[in-house]
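>>> Here's my sequence, what's the structure:
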Amino acid sequence: MNVKIAAKRLLKAPFRALGMDLVRWRPPKPQPVIPPEELEIIAAFSPQYKPEEHWFATSGIKTVLDVGAHTGEFAQRIRAMLPNADLISFEPLQEPFAKLTERFKGQPNFRAIRCALGEKAGQHEMRHNEYAPSSSLLPMTELHKQSFTFAVKEKPEMIEVRRLSDVVRELNVRDPLLLKLDVQGFEDKVIAGGEDVVARTKIIIIEVSFQPLYEGGPLFDDVYRLLKEHGFTYNGNFEQLFSPKDGRVLQADAIFCRQ
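Residues are numbered from 1 along each chain as shown. Here you go, the predicted structure:
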């Protein structure tokens with residue numbers, strides 16, 4: 001046996017008898033010191049970094065108009081950012097509306113209104129999709145059906161459509177406003193029915209499509225031009241929806257701010 005190995009074993013024997021081991025200590029390698037300005041850059045591109053949460057929290061928004069609320073997914077997120085703002089959610093379909101009201105039951109500064117918003121008031125037949133967030137007053141395109149096979153079956157549901165201007169006129173709405181629009185191709189119709197409300201709005205978060213997913217629905221360029229005419233500038237995306245077929249961006253929740 002090698003003398004060196006035998007000496008090591010002899011030296012370790014008392015420690016092993018006590019259930020311990022003797023190993024060589026190696027000092028840790030020194031870690032590079034990252035300047036504070038580089039840490040800020042790393043944080044900005046980290047998935048955990050959510051700059052929009054701080055931005056919205058300091059925006060001074062007093063009222064959030066959540067148009068196309070579904071069961072309150074966006075409402076819950078924006079409430080965490082703006083806990084003191086009034087939150088008014090609009091959802092026309094019976095089942096999602098019931099879940100929305102149950103979700104926010106007893107919460108202060110919240111109101112749910114069961115209706116869709118559009119250019120003209122009236123009763124209309126909505127296409128209630130098996131995947132409720134895809135429900136729309138407009139027919140789906142083939143691209144939508146092919147991209148999302150779980151969102152194809154539909155059943156009709158009669159709903160009330162109101163004008164945003166008429167609804168807000170009846171409410172005690174505090175400025176400045178944040179207007180969120182997620183109405184499956186009906187965004188331009190909501191704006192047309194509430195131009196005076198849009199004029200009071202500071203931030204708009206609006207679902208935009210880069211490919212035609214609903215027949216007659218506006219694409220990003222149409223929404224961009226429309227909101228630019230109303231004094232807004234495009235400030236990036238809140239979230240994006242990718243095609244499961246080829247990975248291209250189909251939709252985004254775009255952020256527009258008043259100049």
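
>>> which residues in the chain form helices?
3-17, 36-44, 51-57, 73-81, 94-103, 142-147, 164-169, 187-192, 195-199, 220-229 (DSSP state H).

>>> comparing these, which gets the lowest mean pLDDT score?
Across these, helix 36-44 has the smallest mean pLDDT, namely a mean of 47.

>>> Residue 251 contacts residue 207, correct?
Yes. Taking CB atoms under 8 Å as the definition, residue 251 is a contact partner of residue 207 at 6.0 Å. Glycine gets a C-beta too; all of them are placed from N, C-alpha and C.

>>> ok, now which ones touch residue 111?
Residues near residue 111 by CB atoms under 8 Å, 6 or more residues apart in numbering: 86-89, 171.

>>> let's go with 6 Å and repeat that
Residues near residue 111 by CB atoms under 6 Å, 6 or more residues apart in numbering: residue 88.

>>> With residue 189 instead?
118-119.

>>> One more: residue 127?
Under the criterion of CB under 6 Å, 6+ apart, the neighbours of residue 127 are 135-136, 154.

>>> One more pass at 7 Å, please.
135-136, 154, 156 (CB atoms under 7 Å, 6 or more residues apart in numbering).

>>> Just grab the bridge partners of it for me.
Taking DSSP bridges as the rule, residue 127 bridges to residue 136, residue 156.

>>> Contacts for stretch 212-225, please.
136, 138-141, 143-144, 184-185, 187-188, 206, 208-210, 234, 250-251.

>>> Buried among these? Need that as a selection in ChimeraX.
Buried residues within the contacts of stretch 212-225, by 16 or more other CB atoms under 10 Å, are selected in ChimeraX with:
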select :136,138,140,141,143,144,184,185,187,188,206,208,209,210,250,251
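
>>> and the contacts of stretch 212-225, which of them are in strands?
Counting by DSSP state E, the part of the contacts of stretch 212-225 found in strands is 206, 208-209, 234, 250-251.

>>> hmm, back to that, quick one: buried ones out of the contacts of residue 127?
Taking 16+ other CB under 10 Å as the criterion, what is buried in the contacts of residue 127 is 135-136, 154.

>>> Could you single out the nearest of those to residue 201?
Among those, residue 136 lies closest to residue 201 (CB to CB), at 23.1 Å.
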